[in-house]
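1. Fold the stuff below for me.
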Amino acid sequence: MKITDSNVIRFHLRVIHGITIKSCERKKERLFMGGTKIFGVPLENLQRRYIPEFGLVPCFLVDACSFLLERAGTVGLFRKPGSLPRIKTLRAKLNRGEGCLSTALPYDVASLIKQFCRELPEPLFPSELHAALLKAQALPAPQDRTSAIQLLSCLLPARNSSCLHYLFNFLSQVSQRCAENLMTSSNLAVVFAPCLLPPPNKAEMSEARLELRVLALCTFIENPQSFGIYPVKPV
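-> Residues are numbered from 1 along each chain as shown. All right, here's what the predicted structure looks like:
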């Protein structure tokens, strides 16, 4: 069930879960997306591709994830780093618009995906939502945690939501092959927490706060079909 009125979502978060959140600043989507540069570029300026079910997703992310899906059994995928010299070369080629992923190595492409997420000018999860996500994850009842986190995912700008939904769906498929790659949903969440929910200061880098970040991402990786969908019964 999709609910587009953010005021309704905030009302439920406040009344049912005791979570108050400020409005996320929503920039206008640009109809024209030019240039070939990929890293460190705002989402609205990237070349994107329409993917049914997800919406407009950055072309690089689609190509990189599609490449890795065929190699999802690679042991330690996303945990083991790629080669820095090779990654540097790949970045330069990608930023020039050259197609080079087909001959790359899985660890290098996985590292590029993490760099892409980490180097966005604004995190895929806007900073306005970080505290609310952690508060939601700290709720005592499991069904309250799930409901609150699902509600928060409905507040994301469309460009962020499409990108994250696609990414979580991909990571879910990677985790389903954990018997081969040894990357469970929890392992993947640990790897992606600094990329998607970067702590704003040292006080937020405590073990307890990191664990909440990981658990929140685990929820999305394990249930990508619920991302951005208003829960039928938010209580």
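
2. drop to CA atoms for contacts and neighbour counts, all remaining ones
-> Will do.

3. any low-confidence regions in this protein?
-> 1-4, 23-35, 201-205, 232-235 (pLDDT under 70).

4. which residues sit in contact with Leu101?
-> For Leu101, the contact set (Cα atoms under 8 Å, 6 or more residues apart in numbering) comprises Asp63, Ala64, Phe67, Leu90, Val109.

5. Now the phi/psi pair for it, please.
-> Phi and psi for Leu101, reported as degrees, to the nearest 10, are phi -70, psi -30.

6. now swap in Arg209 and tell me
-> The phi/psi pair for Arg209 (degrees, to the nearest 10) is phi -70, psi -40.

7. Report the separation between it and Leu197.
-> Distance from Arg209 to Leu197, counting by Cα to Cα, to the nearest Å: 11 Å.

8. Ignoring the adjacent residues along the chain, who's closest to the most centrally placed residue in the chain?
-> Nearest to the geometric centre of the chain sits Leu164, at 3.8 Å (Cα atoms, centre = their mean). Spatially, and ignoring its direct neighbours in sequence, Leu164 is nearest to Leu124 (7.0 Å; Cα to Cα, 6 or more residues apart in numbering).

9. Tell me which other helices or strands the longest helix belonging to the chain touches.
-> The residue-count maximum for a helix in the chain (DSSP state H) belongs to helix 158-175. Secondary-structure packing of helix 158-175 (3 or more Cα pairs under 8 Å, 6 or more residues apart in numbering; DSSP states H and E): strand 55-58, helix 59-69, helix 185-196, helix 207-222.

10. Can I get stretch 78-90 in CSV? Just the C-alpha atoms.
-> The C-alpha trace of stretch 78-90 is given here as CSV (Å, rounded to 0.1, in the frame of the first residue of the first chain):
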residue,chain,number,x,y,z
PHE,A,78,32.0,-6.5,-0.5
ARG,A,79,34.0,-7.5,2.5
LYS,A,80,37.3,-8.2,0.7
PRO,A,81,38.8,-5.1,-0.9
GLY,A,82,39.7,-4.8,-4.5
SER,A,83,43.0,-3.6,-5.9
LEU,A,84,43.5,0.1,-5.5
PRO,A,85,45.4,0.6,-8.8
ARG,A,86,42.8,-1.3,-10.7
ILE,A,87,40.0,0.5,-9.0
LYS,A,88,41.6,3.9,-9.8
THR,A,89,41.8,2.9,-13.4
LEU,A,90,38.2,1.7,-13.5
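
11. from here on, count from 18
-> Sure thing, new numbering starts at 18, so read that last one as stretch 95-107.

12. and Val74, how many neighbours?
-> If you count neighbours by other Cα atoms under 10 Å, Val74 ends up with 24.

13. same thing with the one 5 residues further on?
-> For Val79, the tally of surrounding residues (other Cα under 10 Å) stands at 18.

14. now swap in the one 10 residues further on and tell me
-> As a burial measure, Ala89 scores 24 neighbours (other Cα under 10 Å).

15. Could I get the contacting residues of Val207?
-> Val231.

16. Now Ile68: phi and psi?
-> According to degrees, to the nearest 10, Ile68 has phi -120, psi 120.

17. Check the secondary structure at Tyr67 for me.
-> Three-state call for Tyr67 (DSSP: H, G, I helix; E, B strand; the rest coil): strand.

18. Isn't it up against Val74?
-> Yes: judged on Cα atoms under 8 Å, Tyr67 makes contact with Val74 at a distance of 6.3 Å.
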